[in-house]
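In: How does the following fold in three dimensions:
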Amino acid sequence: MVGQTISHYQILERLGAGGMGVVYRARDAHLDRFVAIKVLPAGALGGEAARKLFRKEALALSKLNHPNIATIHDFDTQKDVDFLVMEYIPGVTLSKKLVIPKRTAGHFGSSAIRRRASCGRSTACGNSSWHRRNRLPNSVA
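Out: Numbers count the residues shown, from 1 in each chain. Reported below is the predicted structural model:
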């Protein structure tokens, strides 16, 4: 897709991929800014009901305004390609940020990272049971 244009977004580079699609850095030709575009796999929205749900979720996400959440700018379908356009935030990916050099692996092992990620997920979901089980101070979590 690099070099192609979807709607008024020129795809510049592939940033990553996962179970929900491929994310690209693109240039918004209308507003002259960089954006991130998540292109869903072909057939991911298999039918009008799934497409309506996708649009409903995109509308809900677009209403969120927080410094730790990428802003949703657009969602659309062009030539049977479903995509979500969001704020582009330059930097390293989470997977690269979580890589631990071997010399510090004993001190900051992967289990500590898993515990912190679990705590973050539980906090985001409003689950206080994680905190009751692990009792980490707020400055660590």
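In: Please make it C-alpha for all contacts and neighbour counts, starting now.
Out: Noted.
In: what kind of secondary structure is R55 in?
Out: Assigned with DSSP: H, G, I helix; E, B strand; the rest coil, R55 falls in the helix class.
In: let's number from 47 now, not from 1
Out: That works, and once the first residue is 47, the last one we named lands at R101.
In: which stretch of helix or strand covers the closest residue to it other than its chain neighbours?
Out: Leaving out its chain neighbours, the residue that sits closest to R101 by Cα to Cα, 6 or more residues apart in numbering is F121, at 7.3 Å. According to DSSP states H and E, F121 maps onto strand 118-124.
In: And the closest residue to H76 other than its chain neighbours, how far from I135?
Out: Of all residues not flanking H76 in the chain, H54 sits nearest, at 6.7 Å (Cα to Cα, 6+ apart). H54 sits 19 Å away from I135, going by Cα to Cα, to the nearest Å.
In: try R97
Out: Counting by Cα to Cα, the gap from R97 to I135 is 26 Å.
In: what's the average pLDDT for stretch 116-125?
Out: Per-residue pLDDT values over stretch 116-125 give a mean of 89.
In: So for it, what gets flagged as buried?
Out: For stretch 116-125, burial by neighbour count (16 or more other Cα atoms under 10 Å) applies to A116, T117, I118, H119, F121, D122.
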